[in-house]
Structures are given as structure tokens and as C-alpha cells.
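Quick one, structure for this:
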Amino acid sequence: MEAAVTGMTLNRQLTSEGDTTTTSLPATLGTVRASWQAIEVPVLLITAQLLLLAWLLLFLIVADAAEARGPEVALAKMRGRGRWRTLTFSLAEPVILLAVALPAGVLAGWAITAGLGHILFRPGTPVGLPRTSWLAAAAAVTEKFLVDYDTYSYTESAKAYVGAMNGLITAQLATNLQGLYSTPGVAKVRTDQRQTSTGTAVIVSLRTFGPSSLTFIVTGTQHLVTAKGSSNGSTQYAITVTGSGTSWLVNDIELSSAGQF
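The predicted structure is shown next:
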């Protein structure tokens with residue numbers, strides 16, 4: 001912008017015609033640049049402090065988990081467990097915790113940034129997303145899909161059930177799910193038992209990674225209410241999404257025990 005203003009003020013055509021251009025934009029831009037430089041160091045220091053605190057918290061979590069597992073690890077060694085199996089056993093819980101916290105943290109950070117940008121900036125000011133935003137977008141689609149997948153009511157038609165997933169799934173998967181939901185035997189049990197289900201979802205890990213395809217391992221928890229009472233259950237799925245950037249659609253869901261696909 002500064003170069004454009006300078007070019008305009010020194011434009012030969014305007015000068016030859018005797019026109020004089022004056023503007024305060026260079027001074028304003030200089031003030032803005034000075035302000036950026038003034039806050040650059042404090043922002044850097046605050047970011048470094050937050051990172052150190054996060055690393056300290058991570059260290060304490062891993063240390064506490066390892067200490068809590070101490071007797072079990074010792075017992076595993078006494079029973080002749082190998083080094084790698086013992087290491088996997090002792091670190092499984094913190095690793096799973098990190099795998100769950102990563103997409104949740106990315107989504108929370110993006111939501112807070114977008115909210116603050118909407119409040120503090122002028123309308124229409126773009127708020128850039130980090131390069132990893134595509135992963136957060138894919139994870140959000142995956143979790144939302146599984147929540148809708150495990151949420152239904154015996155009063156709900158197949159069309160309404162699948163309609164809740166509009167914008168989350170491919171047309172082929174929508175057709176398949178609608179057919180499965182309306183299968184006579186399944187629909188009869190759902191109606192006879194007056195089933196109403198509410199689902200939640202948590203991503204456990206990323207199984208496969210490709211340029212336009214991701215497969216997440218997701219645990220779905222289902223609260224089922226029937227005419228005879230209520231119950232809770234959980235199932236782990238492998239959910240594949242396809243797309244790019246921040247645009248992703250679920251195109252397949254299988255039990256995680258079915259293997260990679």
C-alpha cells in the first residue's frame with residue numbers, strides 16, 4: 001500500500017499537468033508499523049511463557065501417569081513382558097489423552113480466535129486459519145457425524161434421520177444409511193421398543209493419512225432409552241472422510257476392528 005501511495009504522489013502524468021497530490025497515508029502506515037513492532041516483543045514473550053507452561057503441564061501429566069503405573073509396570077516386567085510392550089502399556093493413557101486433546105484444542109483455539117476477531121475487528125476483516133486447519137475441519141466433521149449417527153428416535157423417519165447429516169456425508173453414504181435405517185427388522189425393533197438414542201463422540205487417533213482422505217478412530221457413546229428403561233454403551237469406529245482444505249465429507253464408517261480400508 002505504501003508503494004502504491006508513493007507511486008501516486010510521484011505520478012509523472014499528474015505532475016506534468018500541474019497537479020499536486022498530498023496524503024497522510026505514509027505517516028499513518030508508519031505509525032501502524034511502529035505499533036506492530038512495539039507489541040511484537042511482548043507477544044513473543046507471552047507466547048513463550050504459555051508454551052513453557054504447556055510443556056510443564058504435559059511433563060507433570062506424563063510423570064504422574066508413569067508413577068501411577070509403576071507397580072503395574074514392575075509386575076509386567078516380573079512376568080517377562082518385553083521392553084516395547086511394557087513401554088506401550090505405561091504410556092498408553094497419556095498418548096490417548098494427547099490424541100483426544102489435539103483436535104479439541106485446535107477447534108477451541110480456532111473458535112476463540114474467530115469469536116475475538118468478530119468482536120474486536122471491523123466486519124469483513126479476515127481471520128486467517130493455520131495450515132493445520134484442514135485437520136481440525138476433518139475432525140469436526142467426523143465427530144459431528146458420529147454424534148448424529150448415534151442420535152435417533154423411533155418417531156423419526158429414515159429421511160429425517162439422514163437429513164440431520166446433510167453437509168456431513170456423501171450422497172452414496174446417505175443412500176446406504178437411509179436403507180439401513182429403514183430395514184424392516186431394524187425399524188420394527190426400534191418402534192416396538194420405543195427407542196430414543198443420544199450420541200456423543202471422541203476421536204481416539206488418526207489411522208490413515210492421504211492427500212484427500214483421512215481415517216479417524218472414533219469412540220461413540222450411546223445413551224439409549226426404551227420402554228423398559230435406559231442403558232449406555234460405547235463402540236469404536238473407523239470413519240473415513242474425503243475432501244481438502246476445510247471441506248470434508250464422511251464417505252465410510254466401519255467398526256474399527258474391521259481393519260484399514
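
contacts for stretch 243-261?
Residues outside stretch 243-261 that contact it (CB atoms under 8 Å, 6 or more residues apart in numbering): 129, 133-134, 137-138, 141-142, 145-146, 149, 165, 168-170, 172-173, 207-208, 211-212, 214-215, 217, 235-242. Every residue, glycine included, has its C-beta placed from N, CA and C.

Show me this structure divided up by domain.
Domain assignment for the chain by automatic domain parsing gives 25-120, 133-258.

And the strands in the chain?
Using DSSP state E, the strands of the chain run over residues 152-153, 196-209, 213-226, 229-244, 247-255.

in the sheet, who's paired with residue 152?
Beta-bridge pairing for residue 152 (DSSP bridges): residue 197.

Isn't it up against residue 161?
Yes: using CB atoms under 8 Å, residue 152 and residue 161 qualify as a contacting pair, with a distance of 5.3 Å.

got any residues that touch both of the two?
Residues touching both residue 152 and residue 161 (CB under 8 Å, 6+ apart): residue 181.

just to revisit the earlier point, now a ChimeraX select for only the buried ones of the contacts of stretch 243-261.
In ChimeraX, this line selects whichever of the contacts of stretch 243-261 come out buried by 16 or more other CB atoms under 10 Å:
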select :129,134,137,138,141,142,145,146,149,165,168,169,173,207,214,215,217,237,238,239,240,241,242
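
Quickly compare the domains of the chain and say which is most buried.
The highest mean neighbour count among the domains of the chain belongs to domain 133-258 (a mean of 16), with neighbours defined as mean count of other CB atoms under 10 Å.

so for it, what's the average pLDDT?
The average pLDDT within domain 133-258 is 90.

cool, stretch 103-120 as well?
For stretch 103-120, mean pLDDT is 76.

Output that stretch in PDB with nothing but the alpha carbons.
These are the backbone C-alpha positions of stretch 103-120, laid out as PDB (Å, rounded to 0.1, in the frame of the first residue of the first chain):
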ATOM      1  CA  PRO A 103      -8.200 -31.800  17.800                       C
ATOM      2  CA  ALA A 104     -10.200 -30.400  20.700                       C
ATOM      3  CA  GLY A 105      -7.500 -27.800  21.400                       C
ATOM      4  CA  VAL A 106      -7.300 -26.900  17.700                       C
ATOM      5  CA  LEU A 107     -11.000 -26.400  17.400                       C
ATOM      6  CA  ALA A 108     -11.200 -24.500  20.600                       C
ATOM      7  CA  GLY A 109      -8.400 -22.200  19.500                       C
ATOM      8  CA  TRP A 110     -10.000 -21.600  16.200                       C
ATOM      9  CA  ALA A 111     -13.400 -20.800  17.800                       C
ATOM     10  CA  ILE A 112     -11.900 -18.400  20.300                       C
ATOM     11  CA  THR A 113      -9.900 -16.700  17.500                       C
ATOM     12  CA  ALA A 114     -12.900 -16.300  15.300                       C
ATOM     13  CA  GLY A 115     -15.000 -15.000  18.200                       C
ATOM     14  CA  LEU A 116     -12.400 -12.400  19.200                       C
ATOM     15  CA  GLY A 117     -12.000 -11.400  15.600                       C
ATOM     16  CA  HIS A 118     -15.700 -10.900  15.200                       C
ATOM     17  CA  ILE A 119     -15.800  -8.700  18.400                       C
ATOM     18  CA  LEU A 120     -12.600  -6.700  18.000                       C
END
